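Undergrad: With the input below, show me the fold.
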Amino acid sequence: MEPVDRTIDGTDRTILAMLQANSRVSNAEIARQVEMAPSAVLERIRKLEERGLIKGYAAQLNPRELGQGLLAFVLVRTDGCAWEAQTATKLAEMPEVQEVHHIAGEDCFLVKIRASDTATLGELLRDRVSALPSVRSTRTTIVLDTVKETLNVDLRHDVAKGRRPS
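TA: Numbers count the residues shown, from 1 in each chain. This next block holds a predicted model:
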């Protein structure tokens, strides 16, 4: 098995930053910014995708405007490790669930959920989440206001070493 090349140069960082800021930026505009031919930029982007540095491209939707203004984080505790993978899969299959994180500590999962209102959230928690065979308990925190929410990754880190360059 060959080691994964985790190095990226300044040009890659610029390309990633531009795509992260606006995934619809044109190849020609990226080429202009990095002073390269469009074909060379396209090849770099293709390689960044192949290496898994670019996972995909998506539009950011406004959940409030789409009737899903309630945001909640739910800590889920399960009976045991044997059920955890199956529970995580079942949680992830729920359309209202945006994120499922396996966590350390007393609880097993941190789940991010969007819903239209507290009644809908309560129904989801009672009828679907708590109904999963391995779920022992849940604790829910409802978000009152979001100060920052982003999918952006800090590109100042040295990818190979997992830390910021000195």
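
Undergrad: hey, let's count contacts and neighbours off CA atoms from now on
TA: Noted.

Undergrad: got a list of what the residue sitting furthest away from the middle of the chain touches?
TA: In the chain, the residue that sits farthest from the middle, by Cα atoms, centre = their mean, is A37; the gap is 31.6 Å. Under the criterion of Cα atoms under 8 Å, 6 or more residues apart in numbering, the neighbours of A37 are A31.

Undergrad: separation between it and V129?
TA: Distance check for A37 against V129: by Cα to Cα, to the nearest Å, it reads 51 Å.

Undergrad: Also I30?
TA: Remark: distance between I30 and V129 (Cα to Cα) = 44 Å.

Undergrad: Then E99?
TA: For E99, the distance to V129 (Cα to Cα) stands at 14 Å.

Undergrad: Which one of the two is surrounded by more residues?
TA: Using other Cα atoms under 10 Å as the criterion, E99 and V129 rank with V129 on top: 21 against 14.

Undergrad: so the more buried one touches L91, yeah?
TA: Yes - assessed by Cα atoms under 8 Å, V129 is found in contact with L91 at 7.1 Å.

Undergrad: Which residues outside the lowest-mean-pLDDT helix or strand in the chain are in contact with it?
TA: One helix or strand of the chain scores below all others by mean pLDDT, DSSP states H and E: helix 81-92, with a mean of 85. Outside helix 81-92, the residues that touch it by Cα under 8 Å, 6+ apart are T78, V97, Q98, E99, V100, H102, C108, F109, V129, L132, S134, V135.

Undergrad: Mind picking the two most distant members of those residues?
TA: Spatial extent of the contacts of helix 81-92 (Cα to Cα) is set by the pair Q98 and S134 at 20.4 Å.
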